[in-house]
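Q: okay, structure incoming, though there's no sequence with it:
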């Protein structure tokens, strides 16, 4: 039972009383926060009657309201707010109750917080610098995204990496990605209805930075409408504006221009390379551009069976990897980077196999395993390549490892691996 010394007695008449005999402040605080976190409304109400401090925090600066919103205990949230819980209080990392609710997809809790004047545009103080809208977008909580936008969430705010909620949804959202991206794009359109007229009327533009932002917004609208040629032209206008305040937009514009060229060429436009390189030149911390450039080189390597392209991809990913160690990069983006590193090493290894270069193939397969120890293709191919070189012990080890991996069942190669394994054993003996 999570309550240590605090005893809740429910009388037959339905009333609750608390026995506080011998209870320290630390015990009361722990019971209070645990009750809110685990959804025990009776305990919360009883403690409030006894005068507990509704806004007390734990060592990480988390309040009962934050715990309740994190887990979607809406009735407790209402009770706490009714007893003067501060809806805009921040944790040690600068998180508010609204951020916790938005990140975890608790729609009704979000509504309650907004109805009680929760600040919708607060940014966290952690390495991400996300708002509630960014958290909801990155996790694909489309309904919450709409609620936040309808309550004046700023769709153009940027995190510490210079990414908007739309960019975050495109990169990180797993569930409901298409719907979330579509919704954010629609709201960008709704929020800047006058953009086309504003661009035509220079008197409405107060500065070159504003002009760049207007072109960027219009480009995003057109991109969402799949009007790729027109979107490209809008992003092209941004890079022609020479203003020190537009460097972030210029980098994003170059990155989007590269993406558009890839969409128009099924992911294989070599012309996109220069745009990603320009994005990196303008903003050397733009990890998304590094990943896009590396992915493109990998795709070209696969299509053309070109070793040099794979090596270029690995060089780009290595630069991004070093950057990630010095910059505060989102964990999800780091995961994407590692996945692309694995893909580049694996396909380079397979090209070495085709070229009958077992030594280099083995080297690359080992790199794959260092990044992804459970990679079936790497272990299986290492078994084959070691056997070619007469290194039976190593061949046995990696083939056995491949057989033991769950993925061997899914892709239907387990029987072939077992046959190969038994053949090696016979030769080894």
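A: Perfect, I can see it now. Since we're looking at a predicted model, the values are computed, not measured.
Q: assumed residue 59 was part of a strand.
A: No. Using DSSP: H, G, I helix; E, B strand; the rest coil, the secondary structure at residue 59 is coil, not a strand.
Q: quick check, pLDDT for it.
A: Residue 59 is assigned 89 on the pLDDT scale.
Q: distance of it relative to residue 94?
A: Applying CB to CB, to the nearest Å, the value for residue 59 to residue 94 is 16 Å. The C-beta positions use only the backbone N, C-alpha and C, and glycine is treated the same way.
Q: more neighbours: those two, which one.
A: residue 94 (15 against 6; other CB atoms under 10 Å).
Q: nearest the geometric middle of the protein, what residue?
A: residue 172 (3.5 Å; CA atoms, centre = their mean).
Q: spit out the contact partners of that residue.
A: Listed by CB atoms under 8 Å, 6 or more residues apart in numbering, the contact set of residue 172 reads 138, 139, 330, 332, 333.
Q: residue 336 - nearest residue in space that isn't next to it in sequence?
A: residue 291 (6.0 Å; CB to CB, 6 or more residues apart in numbering).
Q: quickly find the element holding the one you found.
A: helix 287-304 (DSSP states H and E).
Q: now do that helix, average pLDDT.
A: 93.
Q: summarise which helices and strands that helix is packed against.
A: For helix 287-304, the elements it packs on are helix 247-263, helix 272-282, helix 307-326, helix 331-354, judged by 3 or more CB pairs under 8 Å, 6 or more residues apart in numbering; DSSP states H and E.
Q: got the buried residues for the third one?
A: Think helix 307-326. For helix 307-326, burial by neighbour count (16 or more other CB atoms under 10 Å) applies to 309, 310, 312, 313, 314, 316, 317, 320, 321, 323, 324.
Q: same question, the last one
A: Across helix 331-354, burial judged by 16+ other CB under 10 Å covers 333, 336-337, 340-353.
Q: and what of the second one?
A: Buried residues in helix 272-282, counted by 16+ other CB under 10 Å: 272, 273, 275, 276, 278, 279, 280, 282.
Q: go on, stretch 226-240?
A: Applying 16+ other CB under 10 Å to stretch 226-240 flags 231, 232, 234, 235, 237, 238, 239 as buried.
Q: so what touches the host helix or strand of the fifth one?
A: With elements taken from DSSP H and E, the one containing residue 237 is helix 228-239. Helix 228-239 has contacts (CB under 8 Å, 6+ apart) with 212, 215-216, 218-220, 222-223, 246, 249-250, 253-254, 256-257, 260-261, 263-264, 278.
Q: out of the residues you listed, which end up buried?
A: Looks like the contacts of helix 228-239 have 212, 215-216, 218-220, 222-223, 246, 249-250, 253-254, 256-257, 260-261, 278 buried, using 16+ other CB under 10 Å.
Q: mind listing the strands for this structure?
A: Secondary structure of the chain (DSSP state E): strands at 7-10, 16-19.
Q: quick check: residue 251 touching residue 286?
A: Yes. Applying CB atoms under 8 Å as the test, residue 251 and residue 286 come out as touching, 5.3 Å apart.
Q: now the common contact residues for these two.
A: By the contact definition CB under 8 Å, 6+ apart, residue 251 and residue 286 are jointly contacted by 162, 279, 280.
Q: least confident of these?
A: Ranking these by pLDDT, residue 162 lands last with 79.
Q: isn't residue 377 right up against residue 346?
A: Yes. The pair residue 377 / residue 346 is scored as a contact, 6.1 Å apart, by CB under 8 Å.
Q: pull up the overlap in contacts between those two.
A: Common neighbours of residue 377 and residue 346 (CB under 8 Å, 6+ apart) are residue 368.
Q: poorly predicted segments of the stretch 201-350 of the chain, please.
A: Within the stretch 201-350 of the chain, the stretches with pLDDT under 70 are 201-209, 242-247, 326-330.
Q: OK, contacts around the closest residue to residue 78 other than its chain neighbours?
A: Excluding its sequence neighbours, the residue lying closest to residue 78 (CB to CB, 6+ apart) is residue 112, at 6.0 Å. Residue 112 makes contacts with 74, 77, 78, 81, as judged by CB under 8 Å, 6+ apart.
Q: what about residue 112, distance to residue 95?
A: From residue 112 to residue 95 the distance is 17 Å (CB to CB).
Q: point out where the stretch 1-150 of the chain drops to low pLDDT.
A: Ranges of the stretch 1-150 of the chain meeting pLDDT under 70: 1-27.
Q: cutoff 80 now
A: 1-29, 127 (pLDDT under 80).
Q: returning to what we had before: return the distance of the residue nearest to residue 336 relative to residue 389.
A: 35 Å.
Q: which one's more surrounded, these two?
A: residue 291 (21 against 12).
Q: now do the contacts for the more buried one.
A: 317, 320, 333, 336, 337, 340.
Q: so how far is residue 264 from residue 226?
A: In terms of CB to CB, residue 226 sits 11 Å off from residue 264.
Q: and if you look at residue 67?
A: 49 Å.
Q: ok, now which ones touch the residue lying closest to residue 306 once chain neighbours are set aside?
A: Nearest residue to residue 306, sequence neighbours excluded (CB to CB, 6+ apart): residue 300, at 6.4 Å. Contact analysis of residue 300 by CB under 8 Å, 6+ apart lists 268, 270, 306, 309.
Q: same question for residue 264.
A: Applying CB under 8 Å, 6+ apart, the residues near residue 264 are residue 228.
Q: from residue 322, how far off is it?
A: 32 Å.
Q: cool, and residue 29?
A: 44 Å.
Q: one more: residue 162?
A: Counting by CB to CB, the gap from residue 162 to residue 322 is 19 Å.
Q: swap in residue 212?
A: 30 Å.
Q: now for the contacts of residue 172, which pair is the farthest apart?
A: In those, two members sit farther apart than any others by CB to CB. They are 139 and 333, at 14.6 Å.
Q: export the helices and strands packed on helix 287-304 to TSV and append columns for distance to residue 422.
A: What follows is those, written out as TSV (distance: least, CB to CB, whole Å):
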stretch	distance to residue 422
helix 247-263	45
helix 272-282	47
helix 307-326	34
helix 331-354	22
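Q: which one of those helices lies closest to residue 404?
A: helix 331-354 (19.4 Å).
Q: sorry, back to before: which one of the contacts of residue 112 has the most neighbours?
A: For the contacts of residue 112, neighbours tallied by other CB under 10 Å; top is residue 77, 29 neighbours.
Q: so who does that residue touch?
A: 65, 68, 69, 97, 109, 112, 113.
Q: go with 10 Å
A: 36, 64-69, 71, 85, 87, 97, 101, 106, 108-110, 112-113, 116 (CB atoms under 10 Å, 6 or more residues apart in numbering).
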